[in-house]
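Participant: Provide a 3D model corresponding to the input given below.
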Amino acid sequence: MDYEAYAKVMKALSDPKRVKIVDLLSGGELCACDILEHFDFTQPTLSHHMKALLNADLITVKKTGTWHYYSLNDDKMKQLVTDTIHLASGNTGVFVEK
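Facilitator: Predicted structure coming up:
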């Protein structure tokens, strides 16, 4: 397990607005303008949140002209689920002295 990568993902998901964006994208690809309709903040603020999710590799972006279309990075999301189950199972394989 890559603890650094996992922590980076968790940091990106530490903001409830970003969790909501991931939830919205779980339904499929969305244009930035469509995502923005679900929030009461400006486009630059949305860009800030999208950059954090992109840097954590949780989402991908496709640019078509002036439009940005976002979708979940399925491989990264599957890895997140796998790693979270691994950690929650108590079988991390790391010996911790009690």
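
Participant: per-residue confidence at the residue lying closest to Leu13 once chain neighbours are set aside?
Facilitator: Distances taken as Cβ to Cβ, 6 or more residues apart in numbering place Val19 nearest to Leu13, at 5.6 Å, with adjacent residues excluded. Yep, even glycine has a C-beta here, placed from its N, CA and C like the rest. With respect to pLDDT, Val19 has a value of 97.

Participant: how close does Val19 get to Trp67?
Facilitator: Val19 sits 24 Å away from Trp67, going by Cβ to Cβ, to the nearest Å.

Participant: what's the answer for Lys17, then?
Facilitator: For Lys17, the distance to Trp67 equals 21 Å [Cβ to Cβ].

Participant: Looking at these two, which has the bigger crowd around it?
Facilitator: More crowded of Lys17 and Trp67, by other Cβ atoms under 10 Å: Lys17, with 14 against 10.

Participant: Would you verify that His68 is located in a helix?
Facilitator: No - counting by DSSP: H, G, I helix; E, B strand; the rest coil, His68 is not found in a helix; it is strand.

Participant: I figured Lys17 hits Ala52, correct?
Facilitator: No - the criterion here is Cβ atoms under 8 Å, and Lys17 misses it with Ala52 at 9.9 Å.

Participant: Could you check how many residues crowd around Ile21?
Facilitator: 25.

Participant: buried set for stretch 52-62?
Facilitator: Buried residues in stretch 52-62, counted by 16 or more other Cβ atoms under 10 Å: Ala52, Leu53, Leu54, Ala56, Asp57, Leu58, Ile59, Thr60.
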